[in-house]
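J.: Sharing a model prediction with you, sequence too.
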Amino acid sequence: MPDGAWRGLLDSLVDLVLPATCAGCDEPSARALCERCRTAMERARPRRTRPDPAPAGLPATYALAAYAGSVRRAIVQYKEENRHELTGCLGGLLGRVVDRAADGAPVVLVPVPATAAAVRRRHGDHVLRLARVAARGRPGVAIARPLTARPRRDDSAELTAAQRAAAARHAFALRPRRAAALRARVNRDGAAVVLVDDILTTGATLAAAARRLAEAGLRADGAAVIAATQRTRMGATQRQR
């Protein structure tokens, strides 16, 4: 049995033994998200969002909601508490943002890669998992991984905006063969390249990833995230309870 299947079976057994709580509000729930939190997230609509100030090179970015309330809690639970049962729900939300960013065009998703340390801590690349769900069942949507993450010394969540920007400039490296394959695909099919991540804070990470792609002759046509922090501007800020 594949590792993923064993992990899913183990998660199911754990759910039978331990009391379940909603990842969005911590109320008792038989599912990863209670009906109230799930409904609130499903009602949200993807909108254009932009940090203030925005870093140079940031592609047009879309988010589903503000990084607050149940959305924030669910993402933190997924990333830091290894609640992988949220992958399907959060990946589905990301997929809706991808639909908005792609606007009906063929698209190749480029997940912002995690460092090796983060992959070990989170038992896998959390953004890649979400991207795979977002691409599933969407004709014309594929995934490419032309970037790799370099080791980082600090937790970016504790850095100032200026420090995040400085760290982001050296955060990624190109995988030449994969970048060449993506470039050939874009030239052949006319597909748009959309960066995907879980949240948007200062925009430094997405801008750095876009600049690294540009070094390989690839343009990031847009970016899709689940949530944007309050320091960003959205068409209409959507708060989740």
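T.: Great, that's in hand.
J.: where along this structure do the helices fall?
T.: 3-17, 35-43, 69-80, 87-102, 116-121, 126-135, 161-168, 176-189, 204-215 (DSSP state H).
J.: Can you check which of the ones you listed gets nearest to residue 222?
T.: When the helices of the chain are compared by C-beta to C-beta, helix 87-102 sits nearest residue 222, at 4.2 Å. For every residue, glycine as well, the C-beta is placed using N, CA and C.
J.: Can you read off the pLDDT for the closest residue to residue 180 other than its chain neighbours?
T.: Leaving aside its sequence neighbours, residue 180 sits nearest to residue 216 (C-beta to C-beta, 6 or more residues apart in numbering; 7.5 Å). Note on residue 216: pLDDT of 95.
J.: mind listing what residue 216 touches?
T.: Residue 216 is in contact with 146, 174, 176, 179, 180, 182, 183, counting by C-beta atoms under 8 Å, 6 or more residues apart in numbering.
J.: Which phi and psi values does it adopt?
T.: When quoted as degrees, to the nearest 10, the phi and psi of residue 216 stand at phi -100, psi 10.
J.: Repeat that for the one 5 residues further on.
T.: Backbone torsions for residue 221, taken as degrees, to the nearest 10, come to phi -80, psi -20.
J.: try residue 201
T.: Per degrees, to the nearest 10, the backbone of residue 201 is at phi -110, psi -90.
J.: Number of residues surrounding it?
T.: The tally of other residues near residue 201 (other C-beta atoms under 10 Å) stands at 22.
J.: likewise residue 212?
T.: Residue 212: 23 neighbours (other C-beta under 10 Å).
J.: Residue 204 is in contact with residue 55, isn't it?
T.: Yes. Contact criterion C-beta atoms under 8 Å: residue 204 and residue 55 qualify, at 5.4 Å.
J.: More neighbours: which of the two?
T.: residue 204 (26 against 19).
J.: Pull up the gap between that one and residue 81, please.
T.: Using C-beta to C-beta, to the nearest Å, we find residue 204 at a distance of 25 Å from residue 81.
J.: Just the C-alphas of the biggest strand by length in the chain, formatted as PDB.
T.: Identified as the longest strand of the chain according to DSSP state E is strand 192-200. Extracted in PDB, the C-alpha atoms of strand 192-200 (Å, rounded to 0.1, in the frame of the first residue of the first chain):
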ATOM      1  CA  ALA A 192      -0.200  30.700 -18.300                       C
ATOM      2  CA  VAL A 193       2.100  30.300 -15.300                       C
ATOM      3  CA  VAL A 194       0.500  30.800 -11.900                       C
ATOM      4  CA  LEU A 195       2.400  30.800  -8.700                       C
ATOM      5  CA  VAL A 196       0.600  29.200  -5.700                       C
ATOM      6  CA  ASP A 197       1.100  29.600  -2.000                       C
ATOM      7  CA  ASP A 198      -1.000  29.300   1.100                       C
ATOM      8  CA  ILE A 199      -0.900  33.000   2.300                       C
ATOM      9  CA  LEU A 200       0.200  36.400   1.100                       C
END
